[in-house]
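**Q** Quick one: sequence plus predicted model below, questions after.
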Amino acid sequence: MTHGTQYFFDEGTVAFSEPYKKGLPHGTARQYSEEGKLIGTYSMIRGTGIDLWRHKTNWGTGPSVFLSEARYLKDGMFHGFEWWLNEDQKTVNHECHFMRDRKHGIERMWTNRGRLKRGYPKYWIDNQQVTKRRYVREMKRDLTLPSFRDADNRAKRTFPPEIRNHLT
């Protein structure tokens, strides 16, 4: 069982540190640049919170670091939405929904041009891929399944405040 701070290195430099208590992330995790500069944090309480990951800007005149991944966790398991954000901080290239570490919702992936990739969206119920027809039918009975909306097939997202507060 993991207890204490775990350190992750990239070419000999600390890239990330995350405290654990009784096997679950607990406390403030820190992410560092290649130069050792703190570029972001997030906090967990007994494995519950929002995991945030930053990435360096590849081009443009924007900030040098941007939020690239956001995922909700509960009791150390993926639970809720996961987004892989683009540098513009308004669109995503991947979105999925989980319940207790299992895919449970709609998964979407987009091309660099913002179009859905072939084969998406995919529909999941308790980690089993199902047809859209079955998903829509089950969605009416299972309130934990996110609703299907055609507008969500576009890559542009309006994020909840707890994610929006970390956008650059």
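**A** Looks like it came in fine.
**Q** those strands in the chain, which residues are they?
**A** Applying DSSP state E to the chain gives strands spanning 4-10, 13-21, 24-25, 27-32, 38-45, 48-56, 65-74, 77-85, 92-99, 102-103, 105-109, 122-125, 128-130.
**Q** where does the chain dip in pLDDT?
**A** 58-63 (pLDDT under 70).
**Q** can you do 80?
**A** Low-confidence segments of the chain, defined by pLDDT under 80, span residues 58-63, 168.
**Q** For S147, which of the strands of the chain is the nearest?
**A** Minimum separation from S147 across those (C-beta to C-beta) falls at strand 105-109, 8.9 Å. (Glycine included, C-beta is placed from N, CA and C.)
**Q** could you dump the closest one to PDB, C-alpha only?
**A** Extracted C-alpha coordinates of strand 105-109, given in PDB (Å, rounded to 0.1, in the frame of the first residue of the first chain):
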ATOM      1  CA  GLY A 105     -21.000   7.000 -21.000                       C
ATOM      2  CA  ILE A 106     -20.100   8.400 -24.400                       C
ATOM      3  CA  GLU A 107     -16.500   8.400 -25.700                       C
ATOM      4  CA  ARG A 108     -15.500  10.800 -28.500                       C
ATOM      5  CA  MET A 109     -12.300  11.500 -30.300                       C
END
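**Q** tell me how far it is from the chain's mean position?
**A** 12 Å (C-alpha atoms, centre = their mean, to the nearest Å).
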